[in-house]
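Asks: sequence and computational prediction follow.
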Amino acid sequence: MKPSVPRHAINGNGDAFMKDQDPNSIKESIRHYIRQYDAYSKTIDRIKETCKLPTKELEKIPRNIQEYRDVQNSIIKQIDDEKTARIKLVENKTKNKTKIVKSFERQQKLQIKLMEIESKITVFEQMNNIVPICSDVPGGIAPAIAREYRNLTKKLNQAKKVFPDLMKEVELETGIQYSEPI
């Protein structure tokens, strides 16, 4: 399902910005399209990068995910052990507060390590989802994605020609710089 597009600033066939519309409506339309463009660009880049990997590397992805999941489970257990140990120290009314502080610091380091591992798992899972596309479509970019991307660039090129000032404002607001793809 495509996200809704603010149609009030676009003509009936959806490919041209209407000059007589409110500038805020036009900006909202441009903002919507530039965010879509950014998302498509990132997706296409991820697909291209993943599909460039040698077949042996692509075949290793599920194993890498499992290895990182094993590390993730190990870290979660270590965090739980630290929590349990700290609770026991508090329950035993340990007078040595440094033991409690050290336990808390170890737990914090483990949580940082856990976030790093989870980030790697996410990257590998995204790559794993792309692998079938690499084998199904030469070059990795599905025709539907390419077609949508071309439509977006067409609309943004038109906005850049017709409303250059509004386009610049939206680029500054969103932090997304649009440049016509080659």
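Replies: Everything's here; your move. Numbers count the residues shown, from 1 in each chain.

Asks: so which elements touch the longest helix belonging to the chain?
Replies: If you go by DSSP state H, the chain has its longest helix at helix 97-136. Contacts defined by 3 or more CB pairs under 8 Å, 6 or more residues apart in numbering; DSSP states H and E place helix 97-136 against helix 23-52, helix 55-91. No exception for glycine: its C-beta is placed from N, CA and C like everyone else's.

Asks: looking at the shortest one now, give me its mean pLDDT.
Replies: Translated: helix 23-52. Average pLDDT, helix 23-52: 88.

Asks: next, the angle from that helix to helix 55-91.
Replies: 110 degrees (axes from the mean of the first three to the mean of the last three CA atoms, to 10 degrees).

Asks: which helices and strands does helix 23-52 pack with?
Replies: helix 97-136, helix 143-162, helix 164-174.

Asks: closest to Tyr37 out of these?
Replies: helix 143-162 (4.8 Å; CB to CB).

Asks: in the closest one, what counts as buried?
Replies: Ile145, Tyr149, Leu152, Thr153, Lys155, Leu156, Gln158, Ala159, Lys160 (16 or more other CB atoms under 10 Å).

Asks: ditto for stretch 73-80
Replies: Residues of stretch 73-80 classed as buried: Ile75, Gln78, Ile79 (neighbour count, 16+ other CB under 10 Å).

Asks: off-centre distance for that stretch?
Replies: Once both centres are worked out by CA atoms, centre = their mean, to the nearest Å, stretch 73-80 turns out to sit 27 Å from its chain's centre.

Asks: now stretch 116-132
Replies: With CA atoms, centre = their mean, you get 11 Å for stretch 116-132.

Asks: can you say which of the helices and strands packed on helix 97-136 is nearest to Pro181?
Replies: Among the helices and strands packed on helix 97-136, if distance is taken as CB to CB, the winner is helix 23-52, at 8.1 Å.

Asks: and Lys48, how far is that from Ile145?
Replies: The gap separating Lys48 from Ile145 is 11 Å, by CB to CB, to the nearest Å.

Asks: got the contact list for the nearest residue to Asn128 once chain neighbours are set aside?
Replies: Nearest residue to Asn128, sequence neighbours excluded (CB to CB, 6 or more residues apart in numbering): Ile61, at 4.8 Å. If you count contacts by CB atoms under 8 Å, 6 or more residues apart in numbering, Ile61 has them with Phe124, Met127, Asn128, Val131.

Asks: which ChimeraX command selects the buried ones in those residues?
Replies: Those of the contacts of Ile61 that count as buried under 16+ other CB under 10 Å are selected in ChimeraX with:
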select :124,127,131
